[in-house]
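Novice: I would like the atomic coordinates for the input below:
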Amino acid sequence: MLNKIFSYGFLVFIPISIVAHWLGWNPALIFIASGLAILPLAGWLSTATEEVAVVLGPSLGGLLNATFGNMTELIIAIAALRGGFVQVVKASLTGSIIGNLLLVMGLSMFLGGLRYKEQSFEPRIASVNASIMSLAVFAILLPTALNLSSPYIGEAVIQKLSVAVAIVLVVVYGSSLLFSMKTHSYIYDVSVAAQEEESNHGVNLPLWITVLLLATVAVAIESELLVGTLEEATTTLGLSELFTGVILLPIIGNAAEHATAVTVAMKNKMELSMSVAVGSSMQIALFVAPCVVILGWLLGKPMDLNFNLFELLAVGISVLIANSISSDGQSNWLEGLLLLSTYLILGFSFYFLPNF
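Specialist: The predicted model follows:
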């Protein structure tokens, strides 16, 4: 019942947000309406991607999922970048990583652990993912560290370093896909089997391709409305752009994946839940963030990997705690509570932290 309300009921906010924009309503109302409209659209986009991926087969399907898995976040980031909200884009990227590792994984472990005393997942996959996320944090940290150690180095140098790092991260991402889908696919067989079980039905390919295209266009429109009212709305609501970027935008963009990860965890399919949560974080760090940096460079926007120091600290803490908890391939409700508590503490910190 709740899924139907979420998938269909919230679609009413699409015409509401568009009419509100045309009639010049209060920016805060447009911001809220467009944000609520993106929630079901993200769900339809995710579902359509998964359905089309079933028809394409394991290799092409896996590539499609990997490419479009975070399309909502990428569209929102591009819209914000075009609107000149570079710092909000950076905040949303770090916020997505933090949210997936702490909020999504935490809720999955906590609610799944309340139903099942202990849940398990493949420790080898957890180990590989931990190494990849550690590399991503190290790579993202370098431009900021360089800027802090040499304050007179100049933005142009930081930009060039960021683009170079972004290209390396994209190569690492491609290599991780080759590893998981080709050379070492046997390690991921359990997760793939769980996904196939979730989608064990006939697929109307023309229908889902249409849904995929329409949802993508609709998300792009709603993202423009969301970003267009961002500055005035955050002022009206008493929220900083930093808090909005780190907390609110990632929750809106990741809502569908949040629901999927938690739902399958409560069905005792923690392998699939971890794949969704950690896999999404990896996509953000290795694919979405580098793509936004490269696009910013091509569009002449000053987008680089020179992040707010507290944002990097938050990402580092998130990766460290998530890696520590997932390293043994076992989870329980207390570990989920620890992740959620960390997310709440960081959320309060970002709320009280002054704006950019």
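Novice: just the helices in the stretch 101-250 of the chain please.
Specialist: 105-115, 123-149, 155-178, 189-198, 205-228, 230-237, 241-243, 249-253 (DSSP state H, counting those that start in this stretch).
Novice: Lowest mean pLDDT across those helices, which one is that?
Specialist: Note on the helices of the stretch 101-250 of the chain: helix 189-198 shows the lowest mean pLDDT, a mean of 54.
Novice: nearest residue to residue 246 other than its sequence neighbours?
Specialist: Using C-beta to C-beta, 6 or more residues apart in numbering and skipping residues adjacent in sequence, the residue nearest residue 246 is residue 95, 3.7 Å away. Just so you know, the C-beta spots here come from the backbone N, C-alpha and C atoms, and that holds for glycine as well.
Novice: Among the helices of the stretch 101-250 of the chain, show me which one is buried the most.
Specialist: The highest mean neighbour count among those, using mean count of other C-beta atoms under 10 Å, belongs to helix 249-253: a mean of 26.
Novice: Check which helices and strands it is in contact with.
Specialist: Applying 3 or more C-beta pairs under 8 Å, 6 or more residues apart in numbering; DSSP states H and E, we find helix 249-253 packed against helix 27-56, helix 71-82, helix 86-98.
Novice: Turn the ones you listed into a markdown table, columns for distance to residue 152.
Specialist: Listed next are the helices and strands packed on helix 249-253 as a markdown table, based on distance: least, C-beta to C-beta, whole Å:
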| stretch | distance to residue 152 |
| --- | --- |
| helix 27-56 | 39 |
| helix 71-82 | 27 |
| helix 86-98 | 21 |
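Novice: Export those helices as JSON lines, with columns for mean neighbour count, distance to residue 142 and mean pLDDT.
Specialist: As requested, the helices and strands packed on helix 249-253 are arranged in JSON lines below (neighbours: other C-beta atoms under 10 Å; distance: least, C-beta to C-beta, whole Å; pLDDT from 0 to 100):
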{"stretch": "helix 27-56", "mean neighbour count": "22", "distance to residue 142": "31", "mean pLDDT": "82"}
{"stretch": "helix 71-82", "mean neighbour count": "24", "distance to residue 142": "21", "mean pLDDT": "84"}
{"stretch": "helix 86-98", "mean neighbour count": "26", "distance to residue 142": "15", "mean pLDDT": "89"}
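Novice: Mind checking those helices for the one nearest to residue 232?
Specialist: Among the helices and strands packed on helix 249-253, the nearest to residue 232 by C-beta to C-beta is helix 27-56 (3.8 Å).
Novice: Hey, what's the angle from that closest one to helix 205-228? Just curious.
Specialist: If you take axes from the mean of the first three to the mean of the last three C-alpha atoms, to 10 degrees, helix 27-56 sits at 150 degrees to helix 205-228.
Novice: Check the offset of helix 27-56 from the chain's centre.
Specialist: Here the centre of helix 27-56 is set off from its chain's centre by 13 Å, with C-alpha atoms, centre = their mean, to the nearest Å.
Novice: And for stretch 166-184?
Specialist: 18 Å.
Novice: quick one, which of the helices and strands packed on helix 249-253 is nearest to residue 294?
Specialist: helix 71-82 (11.2 Å).
Novice: other SSEs contacting the helix or strand containing residue 256?
Specialist: Using DSSP states H and E, residue 256 sits in helix 255-265. Where contact means 3+ C-beta pairs under 8 Å, 6+ apart, helix 255-265 is packed against helix 27-56, helix 105-115, helix 270-283.
Novice: average model confidence for that helix?
Specialist: 78.
Novice: mind checking which of the helices and strands packed on helix 249-253 is nearest residue 179?
Specialist: helix 27-56 (18.6 Å).
Novice: circling back: double-check the residue nearest to residue 246 against residue 244; I have them as touching.
Specialist: No - using C-beta atoms under 8 Å as the test, residue 95 is too far from residue 244 to be in contact (9.2 Å).
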